[in-house]
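Predicted model and sequence below, questions to follow.
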Amino acid sequence: MAEPHAEEVIQGHANTAQTVDLELRPEEEAFLLSTTGLPDVDALKALIVRVQAEAAEAFPYPCIRRFDFVKLKMSRLPCYNRLLSLVKDDPDALLLDIGCCFGTDVRKAIADGYPAKNIIASDLRPSFWDVGHKLFRSNPATFPVTFLSGDVLHSTFIGMASPVYGAPRTPRPELRGLRELAPLAGHLRAIHASNFFHLFTEANQAAIARSLGALLAPTPGSMIFGTHVSRPKKGLRTEAPPPAPGYLGNRMFCHDAQSWTDLWDGEVFQKGTVRVEAEVLEQAREDLVVLDPGVKFYQLICIYTKDH
Ligand SMILES: C[S@@+](CC[C@H](N)C(=O)[O-])C[C@H]1O[C@@H](n2cnc3c(N)ncnc32)[C@H](O)[C@@H]1O
């Protein structure tokens, strides 16, 4: 059964983070200006800072402090074009963004042609999704993406089926009226999860991976992809400072490329039925106060596809 969330049991000193300047890449600036309809960058930045304060009240993740909610993640992944091709070939292809936060990544996918009606965004905290509406100046009528609020550690929400290798066991549900992810078992062509798995213990990461694996459609080309904090050798991120509210610090469990590959190819899916591409890259994190100035942080970029 579900453990208490690591994030909720953490107490500590909050002084583990530096103040971060709001810097946008040119493609982020262009995307945000066009989707918000704001007249200029000054107005955009003022709105971002306002919604940041509101989101930090909801939960003080480092990604909120770092303005990660306006940074494009999904579209910068090497397999993003595969996602856009997938929906060209299968116009009904369903995409789930799990741990979607404000929903910035799905909004970018829609701007790039992914049909909004095929997208499910899900997060524990509906308040982040609501702040997303404020940032993008939308509402559920003008931005009708299906949003499901729920906890991936609750089996009734995420389901506990095993991966589907033949035809899905149940008909594809209507997204309208859907309240849980479980009925989608075997129907999702793509699942994006970024900056997400590292929030959980090793055992919970495996449980969530198994549940997400069961949601994936058996159709060749279906994919699960994203990026998470990692280490060159799996284990606790001992090089980080101690935990603080919203920040796991040295209690964060990180996979390495091999352990992550083994989890998906062998534990979640039968060995040899998926192709995993996993790569650990060094990550610049000037925003973190570190114990030793020489410590390095890493991210794991990964994709699993069903191509058999
Ligand atoms: C660090 S943020 C990452 C957001 C986004 N994917 C990104 O890459 O910027 C993690 C997100 O996961 C959500 N989350 C945390 N625990 C969760 C849970 N148990 N079930 C579902 N979502 C959860 C948080 O509310 C938050 O929006």
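Right, received. Where do you want to start? Numbering: from 1, shown residues only.

Pairing partners for E277 in the sheet, please.
I303 (DSSP bridges).

Enumerate every residue touching it.
Neighbour list for E277: 79, 302-304 [criterion: Cβ atoms under 8 Å, 6 or more residues apart in numbering]. The C-beta positions use only the backbone N, C-alpha and C, and glycine is treated the same way.

Let's have the residues you listed in TSV, adding distance to A209.
Putting these into TSV (distance: Cβ to Cβ, whole Å) gives the following:
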residue	distance to A209
C79	17
C302	11
I303	14
Y304	9
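
Among those residues, which one lies nearest to the ligand?
The ligand lies nearest to C302 out of the contacts of E277, by Cβ to the nearest ligand atom, at 13.5 Å.

Find the residue closest to the closest one in space, skipping its chain neighbours.
Among residues not flanking C302 along the chain, A278 sits closest, at 4.3 Å (Cβ to Cβ, 6 or more residues apart in numbering).

Residue numbers of this protein in contact with the ligand?
5, 61, 63, 68, 73, 99-101, 123-125, 128, 151-153, 194-196, 199 (Cβ under 6 Å from any ligand atom).

among those, which ones are buried?
Buried members of the residues of the chain next to the ligand, counted by 16 or more other Cβ atoms under 10 Å: 61, 63, 68, 73, 99-101, 123-125, 128, 152-153, 194-196, 199.

the helices in the stretch 51-200 of the chain, which residues?
Along the stretch 51-200 of the chain, counting by DSSP state H, counting those that start in this stretch, helices occupy 62-65, 80-89, 104-111, 126-136, 155-158.

what is the mean pLDDT for the last one?
In this model, helix 155-158 has an average pLDDT of 96.

please renumber so the chain begins at 38
Right, with 38 as the first residue, what we last looked at is helix 192-195.

can I get the CA coordinates of it in CSV?
The C-alpha atoms that make up helix 192-195 are tabulated as CSV, following Å, rounded to 0.1, in the frame of the first residue of the first chain:
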residue,chain,number,x,y,z
SER,A,192,-3.8,2.0,-6.7
THR,A,193,-7.5,2.9,-7.3
PHE,A,194,-6.3,6.0,-9.2
ILE,A,195,-3.4,4.7,-11.2
